[in-house]
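Chemist: dropping the sequence and predicted coords here.
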Amino acid sequence: MPSSRLWLARPFGERSTLIFLAVLGATMALVVAANLLLAPEHPLHVSTYTVTLLGKYLCYALLAVAVDLVWGYLGILSLGHGAFFALGGYAMGMYLMRQIGDRGVYGDPLLPDFMVFLDWDSLPWYWLGFDMAGFAFVMVLLAPGLLALVFGFLAFRSRVTGVYLSIITQALTFALMLAFFRNEMGFGGNNGLTDFKELLGFDLSADATRLGLFIASGVALALGFLLCRAIVVSKLGRVCVAVRDAESRTRFLGYRVERYQQFVFVVSAMLAGVAGALYVPQVGIINPSEFSPLFSIEVVVWVALGGRATLYGAVIGALAVNYAKSVFTGVMPEAWLFALGALFVLVTVLLPQGIAGLLSRSRQQGSDDDSDTQPDTPTDTLDATPREATP
Amino acid sequence: MSFLQSLADRDRVFDFLVPEQSPVDVRHGPILYLEDVSVSFDGFKAINDLNLTIDDGELRCIIGPNGAGKTTMMDIITGKTRPDQGSVWFGSRHNLLTKNEPEIARLGIGRKFQKPTVFEALTVFENLELAMAMDKSLWPTLKARMTGEVLARIEEVLETVGLASLSRRQAGILSHGQKQWLEIGMLLMQRPRLLLVDEPVAGMTEQEMERTAELLLSLAGKHSVVVVEHDMGFVRSIARTVTVLHQGSVLAEGSMDKVASDPRVIEVYLGGDEEAA
C-alpha cells in the first residue's frame, strides 16, 4: 500500500457526516412540509404540537453531541452537562422574562412577576442587559463557557480525571440546582422562569414561531455537529483520542494536556448552552430541575445507547430514547425508569458500541472491499478505558 | 503584509525576548552528566550518590539487579522525580533539575517506557504524526495540516523502524515487538538528542530481539542512546560500554568483558556471569 498517499481525510467519516446532514435536512423538510402543506385532517399531517416536541428532541440531540465530544473523544465522563444546558436556558429565559414587560400578572413594567411577588423594588444587577437580545444571546454562550473555563482550570490543572472528575461534575450540577432553588438567588426559585410571551418580537404561541424554533434547533444541531466534526478530524482531535487512551503518554510527547481538555470542555459547554437556550422557548419554562443530576446522567445514557465517539450516534441515541420516553410515559409512566435502565444494561452488554456500532458494522459487512477504510473507533478502544465507570 | 507580521512578531523586538531554545552544547563531550545524585523514598535510598556521564553519540547499556535504581534514574533525567541532592545537566547548558517533563521532552530527551504505550485507537501513521517535533500548543494543533516535510519525516521513521507496510493499521492490533518499534519510532519523531530506552526486548522473540539490536545500533552515532536491560545476551550483542548499577550507585563501568569479569559484579548477580557468558 502506498504510504505516501495523503489518506488522512477519512472517507468513511466524511461520508457519515454527509449522510447525517442529508438525513437531518430531509427529515426536517418533510416535517415542515407535512405541517404546512397537509390539511389537519390528513393522516400524515404533523401537528404543531409534534413539531415542538421534535424541536425539543433536536435540542437534546445537540446536548448529546456536546457530551459525546468530551466523553467519546476526550474520555471525560461529564455527569454535569445538564448544568451548562440549564445555564444557557436561564440566559434565554431571562431575556424572555424581560420581553414580557408590563404584560405580566402584576403588570410591573420592569420587574418580572416573581420579583414583585417577593417585594423586590429593583432589578438585581445580573438581570441588567437581558432586555437586549444580542446581550442575552452572548450570555447563552458566555455563562456556560465561563463556568466550564473556571471548573476546567481547577480540575484539569490538578489532573483530576476519571471517576473523580465525574463525581465533581455531578456535585457541580447538584450545587447549582440547590442554589437556583433559592428565591434569594433571583432566578425565580423552584418555579423558575415561565409565562413567556415573545421572542425577538415573534409571538411564542404562534404556529409559525414554533416552526421557526424547530428549524433553528435543526440548524443549530447541524452547525454544532459540523463544529464537533471539524475538531474531531483535525490533529487536535487525534490528540484528544490520545489523551483519552493514554493521558500521561500524551503529556510526555510534549502536549499540554490540560489545555486541550479545557478547550474541548469549554466548546462542549457552550454547545450545551445553545441547546438549552433553544429548548427553553419551545417548552415554555426553565426551572432548577434541569440542573438535576438525574437529567445529566440520562444524557450520558443517550450517548452510550447511541454509540460513543461517533457524534451521529449521540444524535440517534438522544432521539431514540426521548421518543421511547414520550411513548412509554404515555402508556405506563411508572415503568419508564425501569425500561430505561433495562435498555441501558442491554445495550452495554450486547452492543458495547451502541446503535452506531451496529450501523457501522452492518455497513462494513456490506462494503468489505477495502480493509483500509476503517471506522473512527475500533471495537477495543471503547472497552479499553476502564477508568470511566458508567453509572 | 509581511511588514505587519514582523511588527506583530513581538519576540523579535529585543533579542532577550526570544524564548530560550538554545541548542544542546556538547563541545565539552558529555551530553548527559549526573553528579552526586541522591533520592530516597520514605527513607529508602533509591539513588545514592550516583555519578554518570554519557558522551554525545554513545550507545550505553545500563544493567543491574531489580531495585538497583535504573528506573528511578530515568525518572530523574526526564523530570518525573526530583532528586534530594545532586545535579543533572543536559549538555553543558541545560540544568534539567529546573525543568518540568514537557520542557525536558522538548529539549530533546526521549524516553521509551518498559511497557509499550502507543495510542491504540490511532493508526501507526497517526501515532508518529502526534509525536512529531513541532509546536504542540492548542491553536497550531487545531489548524495543523499535513505538509510534505512532516510526511517525509514520518516515512523516514517508518522505514527506520521497519513498519512502513503497517502504517495505516491501528496500533492496537500490532504485535508486542511491533509496538516497541513503533514507540521507538515515536521517540525518533521528536528528533531527540538522547534516547532513554527501558527494557526494549522484554517479552520479545529471538528474531524480534535481533531486529531491535540492529535498530538500536543504527541509531547510535546519530543519537545518544541509553538502554536499560536485563537480558545479558542482548546487552552483549549491542553494548560498547556497560554501566552496572547496584543499590543506587555505579558498581562498575567498562566494556562488557571487563564488567562481566569484575568479581563485585559477579557477586551482585550471584552467578549472573554464567548467564552473561
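Modeler: Now that the structure is in, tell me what you want to look at. Numbering: from 1, shown residues only, chains lettered A, B, ... in the order given.
Chemist: what does the stretch 201-350 of chain A have sitting close to chain B?
Modeler: A:231, A:234-236, A:238-239, A:241-242, A:244-246, A:249-256, A:259-260, A:263 (CB under 8 Å from any CB of the partner chain). No exception for glycine: its C-beta is placed from N, CA and C like everyone else's.
Chemist: again, only using 7 Å
Modeler: Within reach of chain B by CB under 7 Å from any CB of the partner chain, the stretch 201-350 of chain A has these residues: A:234-236, A:238-239, A:241-242, A:245-246, A:249, A:251-256, A:259-260, A:263.
Chemist: who's in contact with whichever residue of the stretch 151-277 of chain B sits closest to chain A?
Modeler: Proximity of the stretch 151-277 of chain B to chain A (CB to the nearest CB) peaks at B:Ser167, 4.5 Å away. By CB atoms under 7 Å, 6 or more residues apart in numbering or on different chains, the residues touching B:Ser167 are A:3, B:123-125, B:158.
Chemist: cool, and B:Thr241?
Modeler: B:58, B:60, B:253-255.
Chemist: returning to what we had before: buried only: go through the residues of the stretch 201-350 of chain A next to chain B for me.
Modeler: With burial judged by 16 or more other CB atoms under 10 Å in any protein chain shown, the buried subset of those is A:234-236, A:238-239, A:241-242, A:245-246, A:249, A:251-255, A:259-260, A:263.
Chemist: buried subset of the contacts of B:Thr241?
Modeler: B:58, B:60, B:253.
Chemist: ok, the second one to B:Ser40 distance?
Modeler: Just to be clear, that refers to B:Arg60. Using CB to CB, to the nearest Å, B:Arg60 is found at 25 Å from B:Ser40.
Chemist: and A:Val51, which of the three is it?
Modeler: Following DSSP: H, G, I helix; E, B strand; the rest coil, A:Val51 is assigned to helix.
Chemist: which bits of chain B sit near chain A?
Modeler: B:101-102, B:105-106, B:117, B:119-122, B:126, B:130-131, B:136-138, B:141-142, B:144, B:146, B:155, B:158, B:164, B:167-168, B:170, B:172.
Chemist: on that earlier part again, now the buried ones among the contacts of B:Thr241 as a markdown table including secondary structure?
Modeler: Below are those laid out as a markdown table (three-state DSSP):
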| residue | secondary structure |
| --- | --- |
| B:Glu58 | coil |
| B:Arg60 | strand |
| B:Glu253 | strand |
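Chemist: from the residues of the stretch 201-350 of chain A next to chain B, which land in helices?
Modeler: Among those, DSSP state H puts A:235-236, A:238-239, A:241-242, A:245, A:249, A:251-252, A:259-260, A:263 in helices.
Chemist: from the residues you listed, which is closest to A:Met115?
Modeler: A:Phe263 (37.6 Å; CB to CB).
Chemist: contact partners for that closest one?
Modeler: A:Phe263 touches B:Leu138, counting by CB under 7 Å, 6+ apart.
Chemist: likewise for A:Met92?
Modeler: A:136, A:140, A:277, A:280-281.
Chemist: swap in 10 Å and give it another go.
Modeler: A:130, A:133, A:136-137, A:139-140, A:193, A:196, A:199, A:273-274, A:276-281, A:286 (CB atoms under 10 Å, 6 or more residues apart in numbering or on different chains).
Chemist: isn't A:Thr17 up against A:Val315?
Modeler: No: at 11.7 Å, A:Thr17 does not count as touching A:Val315 under the criterion of CB atoms under 10 Å.
Chemist: between the two, which one's more packed in?
Modeler: The neighbour comparison of A:Thr17 against A:Val315 (other CB atoms under 10 Å in any protein chain shown) goes to A:Val315, with 28 against 18.
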